[in-house]
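>>> Kindly generate the corresponding structure for this input.
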Amino acid sequence: MSWGIIIFLVVVVLVIVYFIASYNGLVALKNRFKNAYSQIDVQLKRRYDLIPNLVETAKGYLKHERETLEAVIKARNSAVDASRQASSDPGDETAIKGLVGAEAALTGALGKLFALSESYPDLKANQNMMQLMEELSSTENKIAFARQSFNDAVMAYNTRIESFPDNIMAGMFQFKHAALWTVEKPEEREAVKVSF
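Below is the predicted model of the structure:
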């Protein structure tokens with residue numbers, strides 16, 4: 001064999017190895033941000049599971065505040081639906097924005113419930129309510145950390161699919177831009193204030 005053919009074969013093998021490594025790297029990053037989203041999903045599920053217990057505990061004390069309790073349950077159910085949609089494709093910008101909006105509405109409804117509960121000393125002193133509030137507070141912190149991890153993973157993935165020469169591979173195999181978990185309205189930046 002001549003040196004020309006050997007060099008050509010080496011170059012072809014190197015190009016093939018590069019494309020395989022690039023593709024596998026993109027797949028790994030995509031799976032990383034999907035895993036990061038699943039961590040958010042786990043914490044959101046925990047939050048959604050705590051809310052009916054919280055409402056049931058408050059119901060006995062807030063008999064005249066039915067609208068507030070119903071608003072919390074309605075917002076929770078909307079957030080659960082939005083979470084299901086986002087779970088099916090965590091890279092879908094529309095689904096993530098829908099979830100962010102539903103979460104903001106839920107946070108607002110919970111904020112009203114907590115503000116209202118301040119007016120009821122017996123409710124504030126209820127052991128079950130205090131425990132639920134503590135669990136909800138802990139879950140809110142875990143959600144915040146999971147969102148940060150998700151955004152870090154999405155950022156690494158998006159940077160990779162936009163960078164040359166990986167953008168060629170991303171285009172060939174239709175790796176799509178993933179949406180960050182962003183808060184667009186200033187009031188959505190407020191965390192649920194849990195104070196008992």
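>>> Pick out the residue closest to the middle of this protein.
Centroid-nearest residue in the chain: residue 40, 4.4 Å away (criterion: CA atoms, centre = their mean).
>>> buried residues in the helix or strand bottoming out on mean pLDDT in the chain?
In the chain, no helix or strand scores lower on mean pLDDT, DSSP states H and E than helix 121-125, which sits at a mean of 78. For helix 121-125, burial by neighbour count (16 or more other CB atoms under 10 Å) applies to residue 123. Bear in mind the C-beta positions are built from the backbone N, C-alpha and C, glycine included.
>>> Name the surrounding residues that touch that helix.
Contacts of helix 121-125 with the rest of the structure, by CB atoms under 8 Å, 6 or more residues apart in numbering, involve 57, 58, 61, 62, 117, 118, 129, 130, 196.
>>> Swap in 7 Å and give it another go.
58, 61, 117, 129, 196 (CB atoms under 7 Å, 6 or more residues apart in numbering).
>>> and if you look at stretch 50-60?
69, 72-73, 76, 113, 117, 123, 126, 128-129, 132, 135-136, 139.
>>> swap the cut-off to 6 Å and go again
69, 72, 76, 128, 129, 132, 135, 136 (CB atoms under 6 Å, 6 or more residues apart in numbering).
>>> now the residues you listed in JSON lines, with pLDDT and neighbour count?
Formatted as JSON lines, the contacts of stretch 50-60 follow (pLDDT from 0 to 100; neighbours: other CB atoms under 10 Å):
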{"residue": "69", "pLDDT": "88", "neighbour count": "19"}
{"residue": "72", "pLDDT": "92", "neighbour count": "23"}
{"residue": "76", "pLDDT": "95", "neighbour count": "23"}
{"residue": "128", "pLDDT": "83", "neighbour count": "12"}
{"residue": "129", "pLDDT": "83", "neighbour count": "20"}
{"residue": "132", "pLDDT": "86", "neighbour count": "21"}
{"residue": "135", "pLDDT": "90", "neighbour count": "17"}
{"residue": "136", "pLDDT": "89", "neighbour count": "19"}
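>>> ok, so of those residues, who is nearest residue 15?
Comparing the contacts of stretch 50-60 against residue 15 with CB to CB places residue 76 closest, at 52.8 Å.
>>> Identify the spatial nearest neighbour of that closest one, chain neighbours not counted.
Of all residues not flanking residue 76 in the chain, residue 51 sits nearest, at 4.7 Å (CB to CB, 6 or more residues apart in numbering).
>>> name the element the one you found belongs to?
helix 3-59 (DSSP states H and E).
>>> With residue 178 instead?
Using DSSP H and E, no helix or strand contains residue 178.
>>> Check residue 85 too.
helix 66-88.
>>> Output the contacting helices and strands for that helix.
helix 3-59, helix 93-117 (3 or more CB pairs under 6 Å, 6 or more residues apart in numbering; DSSP states H and E).
>>> Using a markdown table, lay out those together with distance to residue 176 and mean pLDDT.
Converted to a markdown table, those look like this (distance: least, CB to CB, whole Å; pLDDT from 0 to 100):
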| stretch | distance to residue 176 | mean pLDDT |
| --- | --- | --- |
| helix 3-59 | 9 | 92 |
| helix 93-117 | 9 | 90 |
